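J.: Here's a sequence, model it:
(chains A, B, C and D)
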Protein chains: 2
Amino acid sequence: MTRRPPLHVQAEAALTARLAEGRWRPGERLPSEEELAAELGLSVGTLRRALAALERRRLIERRQGAGTFVASHTSERALFHFFRVEDLQGGRQAPTSLVLDCREASATAEEAAALGLGEGETVHRVRRVRAIGAVQPILERIALPAALFPRFRLPVLKTMEDELYVLYQREHGVTVVRAEERLAAVAAREEDARLLGLRAGTPLLEIARVARGIDGRPVEWRVTLLDTDSHRYVAVLE
Amino acid sequence: MTRRPPLHVQAEAALTARLAEGRWRPGERLPSEEELAAELGLSVGTLRRALAALERRRLIERRQGAGTFVASHTSERALFHFFRVEDLQGGRQAPTSLVLDCREASATAEEAAALGLGEGETVHRVRRVRAIGAVQPILERIALPAALFPRFRLPVLKTMEDELYVLYQREHGVTVVRAEERLAAVAAREEDARLLGLRAGTPLLEIARVARGIDGRPVEWRVTLLDTDSHRYVAVLE
DNA sequence: AAGTGGTCTAGACCACCGT
DNA sequence: CGGTGGTCTAGACCACTTT
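T.: Predicted coordinates for the structure are as follows:
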């Protein structure tokens, strides 16, 4: 016999579900603590515990005197949380992007596996290079399930809004809250080297990412190549 | 005028200081909530809030019915928290180590900078290779401030207790609670390639780590080379 | 049975934001 | 000023571990 989870856990799950279904829009204010507590049949103290957990998971933001708000992806958050690249001095700077292509295709086995799709389902495939200051150390290949992004398109060959997660949320209602990355060192292939202005065979850092939405399902597959002559990938373990 | 921090924050800081100074040993039980609250002049509720924060920072562990304990580095924790290497299928296995050398030396500029020492201060320098299953994909160079590890030594050329953080804590009273890593892709140098059984020039993942103690000061500088033919470095962003 | 941490509530008071 | 979240307290009751 498995025990009933505590009320604050149930409340957290119930609120997570409401956020995932889009009950409130990003940036919108939630009802006050007192109202939510009454609605869920809890004391304010117990509800506050659930809200604190949601805040730690960055699904909501709380501002004293103003209210509780659905977290919205700002460039700042995306920059500091989902972009883990620094220069050699530890400095951080927002990159700018140049989109090379953006088209529909049917998923390769690798893409399908990463995104939890059937092989051959439709994906949007994007390729772009990203510049930081005077150098251009990043090449990315991105795949998105067409089912989640029905009207997705990006103008090609133009420097674009760089932070795609802001765009996913604003234009497609997809909020990325978590990602897993697997890193390897690889030798630059002919074509990649050309796009980055390097010699073929140069060691590059390959970052393979699965990004997930509020409900935990994969929403993006991204493979980044980083030239570590000028930059580093940073991680904090705690 | 800057405001007084809330009591639960003050309590957290006070308890952190006690843990850092070694008031209780790793694994030892702390006084009960009621005793601690009385001692610090707080209500139990406020004290519990401070303890919950310390538990999230993994400085303590709480067991219902048994008490609150100083967190102690188990191999399991070190393996899952400070060892971010998986095989290509996502499997995790504890590595075994072969120590190549372990001697005292005076810190290089790089070591001194990373550890916050004056150049020329004494460090212990360790070099080892680590095997996982049938392969041997890891080469590590480690530097420790001699001031923090006065009696440090490791037998050379013998497979040793692999998880050094368990040893740091048990034998030297140094608890690692946080680390920052900077990753790059490099071409294997002649000597490193020989030790890993690879050709010179093979792309390797270089992981440069600064590990910190409870008080936040650097206690270890470690550069790991990982052969990503058989393994990956993993990170979770959330 | 005694002692520990975990849950949940109710309420007072404070700090802050917006109008 | 009213309404919001933040802090702090006090106490009842529960679940679990240990002796």
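
J.: what's the distance between the residue nearest to A:Leu167 when sequence neighbours are not counted and A:Ala94?
T.: Excluding its sequence neighbours, the residue lying closest to A:Leu167 (Cβ to Cβ, 6 or more residues apart in numbering or on different chains) is A:Glu161, at 5.8 Å. Placement of C-beta: from N, CA and C, glycine included. Using Cβ to Cβ, to the nearest Å, we find A:Glu161 at a distance of 11 Å from A:Ala94.

J.: And the lowest mean pLDDT element among the helices and strands of chain A?
T.: In chain A, no helix or strand scores lower on mean pLDDT, DSSP states H and E than strand A:159-160, which sits at a mean of 70.

J.: Let's see the helix or strand following that one as CSV, backbone CA atoms only.
T.: Downstream of strand A:159-160, the next assigned helix or strand under DSSP states H and E is helix A:164-172. C-alpha atoms of helix A:164-172 as CSV (Å, rounded to 0.1, in the frame of the first residue of the first chain):
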residue,chain,number,x,y,z
LEU,A,164,14.9,30.8,-29.4
TYR,A,165,13.4,29.9,-26.1
VAL,A,166,11.9,33.3,-25.8
LEU,A,167,10.4,32.8,-29.2
TYR,A,168,9.2,29.3,-28.5
GLN,A,169,7.3,30.6,-25.5
ARG,A,170,5.9,33.8,-27.0
GLU,A,171,5.0,32.5,-30.5
HIS,A,172,4.2,28.8,-29.8
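
J.: distance between helix A:164-172 and the chain's centre?
T.: 10 Å (Cα atoms, centre = their mean, to the nearest Å).

J.: And that helix, what does it pack against?
T.: On a contact count with 3 or more Cβ pairs under 8 Å, 6 or more residues apart in numbering or on different chains; DSSP states H and E, helix A:164-172 meets helix A:75-81, strand A:176-187, strand A:218-226.

J.: what about whichever helix or strand comes after the last one and chain B, any contact?
T.: Read it as strand A:218-226. Counting by DSSP H and E, the next helix or strand C-terminal to strand A:218-226 is strand A:231-237. Yes. Strand A:231-237 is in contact with chain B by Cβ under 8 Å from any Cβ of the partner chain, via A:232-237.

J.: Quickly find the element holding the closest residue to DNA strand C within chain A.
T.: Nearest to DNA strand C, among the residues of chain A, is A:Gly65, at 2.4 Å (Cβ to the nearest atom of the strand). Using DSSP H and E, A:Gly65 maps to neither a helix nor a strand.

J.: Could you do the one 4 residues further on as well?
T.: Taking DSSP H and E as the definition, A:Phe69 sits inside strand A:67-70.

J.: for that strand, which positions count as buried?
T.: A:68-70 (16 or more other Cβ atoms under 10 Å in any protein chain shown).

J.: ok, and of those residues, which contact DNA strand D?
T.: With Cβ under 7 Å from any atom of the strand as the criterion, the buried residues of strand A:67-70 include A:Thr68 near DNA strand D.

J.: Tell me the one of the buried residues of strand A:67-70 nearest A:Val156?
T.: Among these, A:Val70 lies closest to A:Val156 (Cβ to Cβ), at 32.3 Å.

J.: Correct me if wrong: the closest one contacts A:Leu30.
T.: Yes. With contacts counted by Cβ atoms under 8 Å, A:Val70 reaches A:Leu30, the gap being 7.0 Å.

J.: burial measure for A:Gln64, as a count.
T.: Here the number of neighbours of A:Gln64 (other Cβ atoms under 10 Å in any protein chain shown) works out to 5.

J.: Quick check: pLDDT value at it.
T.: With respect to pLDDT, A:Gln64 scores 97.

J.: same deal with A:Met1?
T.: pLDDT at A:Met1 comes out at 60.

J.: and what of A:Gly91?
T.: pLDDT recorded at A:Gly91 is 95.

J.: What of A:Lys158?
T.: pLDDT, A:Lys158: 69.

J.: Likewise for the one 3 residues further on?
T.: We have a pLDDT of 74 for A:Glu161.

J.: quick one: it from DNA strand D, how far?
T.: Distance, A:Glu161 to DNA strand D, by Cβ to the nearest atom of the strand, to the nearest Å: 31 Å.

J.: Relative to A:Gly27, how far out is that residue?
T.: 17 Å.

J.: that older thread, ranking the helices and strands packed on helix A:164-172 by burial, who's on top?
T.: Ranked by mean neighbour count, the helices and strands packed on helix A:164-172 are led by strand A:218-226 with a mean of 22 (mean count of other Cβ atoms under 10 Å in any protein chain shown).

J.: tell me the mean pLDDT over stretch A:196-208?
T.: Rounded mean pLDDT across stretch A:196-208 is 97.

J.: which bits of chain A sit near DNA strand C?
T.: The interface of chain A toward DNA strand C, taken as Cβ under 7 Å from any atom of the strand, is made up of A:6-9, A:41-46, A:63-66.

J.: Just the ones in helices from the residues you listed, please.
T.: Judged by DSSP state H, those include A:7-9, A:44-46 as members of helices.
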